[in-house]
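Colleague: Need a 3D model of the following:
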Amino acid sequence: MNIEDHLVWREDVDEMKLQREALTESMKQATAKVAPVRNPSARAKPWWDSACMQALNRVQIADRERRHYRMENGFSDEWLEKSAKHENNHFHRLTKWKKQEWAIKTVEEAHPEDMATTSYDTCRKVQGTPG
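Modeller: Okay, here's the model as predicted:
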């Protein structure tokens, strides 16, 4: 490869980078035009985190395996039933703990003058009552 070939190749790479950036920018603009803007809901779960999501995924996987085995064999497997129940129980305990942890933190961080309304609003959010 001589120097002229290298310069042409370098120009091609630079041109490809510019084209890639232009394509990426046009995709971002198109997405911004057609994708709905997500607004946080008043009923959103402020205590939900990645641990809750992982636990929910494990529940779904265990339940899917349990159902699949039952459909294929015509009867359920005791171990898969126990596994699905275990994952479900773990998920419910985890979310209960996360809710409680969030509620305690919210009350601890509240200012004394806001304490009456904060405690009431926190209880409603933890119970899932619309606010």
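
Colleague: Val59 against Asn88, yeah?
Modeller: Yes: counting by C-beta atoms under 8 Å, Val59 touches Asn88, with 5.4 Å between them. For glycine as for every other residue, the C-beta is placed from the backbone atoms N, C-alpha and C.

Colleague: what about these two, which has more around it?
Modeller: The residue with more neighbours, out of Val59 and Asn88, is Val59; 19 against 16, by other C-beta atoms under 10 Å.

Colleague: need the contact list for the more buried one.
Modeller: 84, 87-88, 91 (C-beta atoms under 8 Å, 6 or more residues apart in numbering).

Colleague: Which of the three states applies to Asn44?
Modeller: Just to correct that, residue 44 is Ala rather than Asn. Under DSSP: H, G, I helix; E, B strand; the rest coil, Ala44 falls in the coil class.

Colleague: what distance separates the helix or strand where Asp12 lies from the centre of its chain?
Modeller: Using DSSP states H and E, Asp12 maps to helix 3-34. Distance of helix 3-34 from its chain centroid, counting by C-alpha atoms, centre = their mean, to the nearest Å, is 32 Å.

Colleague: Which of the helices and strands in this structure ranks last by mean pLDDT?
Modeller: helix 115-127 (a mean of 54; mean pLDDT, DSSP states H and E).

Colleague: Give me the residue at the spatial middle of this structure.
Modeller: Among the residues of the chain, the one closest to the centroid is Met53, at 5.8 Å (C-alpha atoms, centre = their mean).

Colleague: Going along the chain from the helix or strand containing it, find the next helix or strand for me.
Modeller: Following DSSP H and E, one finds Met53 within helix 50-73. Going down the chain from helix 50-73, the next helix or strand is helix 78-109, by DSSP H and E.

Colleague: Nothing else from me, thank you.
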